[in-house]
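S.K.: Test case, fold it:
(2 chains)
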Amino acid sequence: MHEVFEHTADLGLRVTAPSLDALLAEAAAGLFEIIAGDLGQIRPREVRSFAIDGTDPVYLLLDWMGELHAAFEIDRLLLCEFAVAVHERGLTATARGEPYDPAVHRLAHEIKAITQHELDVHQTPAGWEATLIVDI
Amino acid sequence: MTDITTSDRTFTGPLERVDECCYRIPKSYKPGMLVDGLIFADERMIPQLRSDRAPEQVANVAFLPGIQTASLAMPDIHWGYGFCIGGVCATDPAVGGVVSPGGVGYDINCGVRLVRTNLTLADVQPILLQLVNQLIRDIPVGVGQGGNHIFSPAELRVLMQEGVGYLLGRGFATADDLACTEAEGCIADARPEYVSDRALARGNDQCGTVGAGNHFIEVQVVDRVEDPRAAAVLGLQAGQICVLIHSGSRGLGYQVCDDALRALRDAPAKYGLALPDRQLVCAPVESPEGQQYLGAMRAAANYAFCNRQLLMWQVREVFERVLGKPWHMLGMELVYDVAHNMAKIEEHTVGAARKPVCVHRKGATRAFPAGHPDIPERYREIGQPVIIPGDMGRASWVLLGGPRSMERSFGTTCHGAGRCLSRTAATKAAKGRNIREELQRSGVIARSRSREGLAEEQPLAYKDVDIVVDIVHRAGLSTKVARLKPLGVIKG
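M.R.: Model (predicted):
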């Protein structure tokens, strides 16, 4: 589950999930909802693979979000389905989506960056929770 | 996606009245603060000031090693990330003072430029709709919009080294444009070689694009002149049409900041820094990491000057197309271009000493007083022009660097109205309304590429710029010259 929380200048994203794998996939969906509004308009026609090194869950989340953001910013790729597997040295992931087409897709926000302000990932009795703020 | 409101995001700490325009957060508020926090505000703003976490961020910045005098904030203060928006911090490199990328922000050298014309309201009113429609057709604005100018990595490196001078050579600028840009459109000691390939990839087609968020191009009319002598020097008079351009270093600059934050992950351990917020990560100015960031930041700043120059050039071309005259016949001269997200090494007097300090301005504008050598010669006798965008429904202002800016704020003033509603709250407030029609009824033609653009940036999302400007005027940080009213705006 993910939800946007209020931040005066920008947008905050709070994510909960039963596992770290699911948390990272859910955060990715939240990121692209901020960019595109409705993920339903994105068709899962292409697959992109990711591999990120790191053991600190906070930086793993930050770097994962950074790679996804770059996929949109540089390759104009809109992504909608995510599968993440965390291992002892980092994560591997696949994401499905399609190139941005102004005739097909409506965009909502330009994200400048994923900030580290109040960035947090921690375990809860029910699983995992993450908080991040994106710069709009 | 659901929206939630959090109730713990207010400030309940001390705000001690220093004078009618300034409040203090004493350094006793939090162990680790090296100096007081000082916020320029008056009593009208206190409820708003306490409504978010920005004052907490002012206190957090007071932890930065080498900070001088106080952690400062301008009256357009609101919650940012790391630094508050409206935050100012000067550090002394000679005593291990740090540079913090979060003290500049992702949008390095986000800034504004004002272009005057020789047109009057009567000239433009009949063609205003056509003009605004042409602006949004011809000028790239919004998410996912590539620009009309593509630069190769090699070209980008020269552009980042030479700033607007590079565009002069390419025929997209004049010598007068350079003269009327802060630092003549080129910050010295830029190090493009420190800008990553990913930043270059993000920036190759974005020079000359507006972007989204709070960026815009606005057609305005001079509503009121408060200082006729200064207005005459700036070439401004009541009833005159101007164009205000607000944008920054686009994806290239955002990536430079992101890369720096990544490179500095180990800096707190290496340099023994105890910081209350991860986003405040920093390194001594004189360290290899500090110098690398400053070199890349200056390169991104020069890209931003070029972005606004190319935007202005495209605005001139649109006016030419719509009005059927060359832009110089329309008197479309640059009044001034000024940055509001930057870290600069400047000479300041601190206590009894005159010394170089690293001044971070995060959503704050340099505002040097009359006579300062860094002001273009044509404006030196009146003071540095400062351009304050308000919101798209009310007003913007032209100010000058004030007589007390050097002693009170390291030569700094506000940068805008400052948000008072979050984006989610503004969106909720826009439900069931048509912002575009509301603006049209109040005489402003607004065009946006997205629904979110107008809802989140609606006038009520911002503080009243007249109050913000009134405070910096009374505090002596800057002085009023002219108030401008919006007529037409394009946004992302």
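S.K.: How about the residues of chain A by chain B?
M.R.: A:2-11, A:14, A:30, A:33, A:35, A:37, A:59, A:66, A:70, A:73-74, A:76, A:100, A:102, A:106-110, A:112-119, A:133, A:135-136 (Cβ under 8 Å from any Cβ of the partner chain). C-beta: built from backbone N, CA, C; applies to glycine.
S.K.: Restricted to buried residues, select these in ChimeraX.
M.R.: Only the buried entries of the residues of chain A next to chain B go into this ChimeraX selection, using 16 or more other Cβ atoms under 10 Å in any protein chain shown:
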select /A:2,4,5,6,7,8,9,10,11,14,30,33,35,37,59,66,70,73,74,100,107,108,109,110,112,113,114,115,116,117,118,119,133,135,136
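S.K.: Okay, and which of the residues of chain A next to chain B map to helices?
M.R.: Judged by DSSP state H, the subset of the residues of chain A next to chain B located in helices is A:30, A:33, A:35, A:59, A:66, A:70, A:73-74.
S.K.: Can you name the residue of chain A nearest to chain B?
M.R.: residue A:117 (3.2 Å; Cβ to the nearest Cβ).
S.K.: Could I get the contacting residues of the residue nearest to that residue when sequence neighbours are not counted?
M.R.: In this structure, residue A:117 finds its nearest non-sequential neighbour in residue B:81, 3.2 Å apart by Cβ to Cβ, 6 or more residues apart in numbering or on different chains. Contact analysis of residue B:81 by Cβ atoms under 8 Å, 6 or more residues apart in numbering or on different chains lists A:10, A:115-118, A:133, A:135, B:102, B:279.
S.K.: swap the cut-off to 7 Å and go again
M.R.: Listed by Cβ atoms under 7 Å, 6 or more residues apart in numbering or on different chains, the contact partners of residue B:81 are A:10, A:115, A:117, A:133, A:135, B:102, B:279.
S.K.: give me the residue from the stretch 101-250 of chain B nearest chain A.
M.R.: For the stretch 101-250 of chain B, Cβ to the nearest Cβ, closest residue to chain A: residue B:212, 3.7 Å.
S.K.: other SSEs contacting the host helix or strand of residue A:28?
M.R.: Under the criterion of DSSP states H and E, residue A:28 resides in helix A:20-36. The contact analysis (3 or more Cβ pairs under 7 Å, 6 or more residues apart in numbering or on different chains; DSSP states H and E) places helix A:20-36 against strand A:2-6, strand A:11-17, helix A:57-75, strand A:77-87, strand A:127-135.
S.K.: Nearest to chain A: which residue in chain B?
M.R.: The minimum distance from chain B to chain A, using Cβ to the nearest Cβ, falls at residue B:81 (3.2 Å).
S.K.: my read: the residue of chain A closest to chain B touches residue B:82, true?
M.R.: Yes - between residue A:117 and residue B:82 there is a contact under Cβ atoms under 7 Å: 5.5 Å.
S.K.: Overlap of the contact sets of the two?
M.R.: Contacts common to residue A:117 and residue B:82, judged by Cβ under 7 Å, 6+ apart, are B:277, B:279.
S.K.: and the helices and strands packed on helix A:20-36 as TSV, adding mean pLDDT?
M.R.: Output for those, formatted as TSV (pLDDT from 0 to 100):
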stretch	mean pLDDT
strand A:2-6	86
strand A:11-17	95
helix A:57-75	96
strand A:77-87	98
strand A:127-135	95
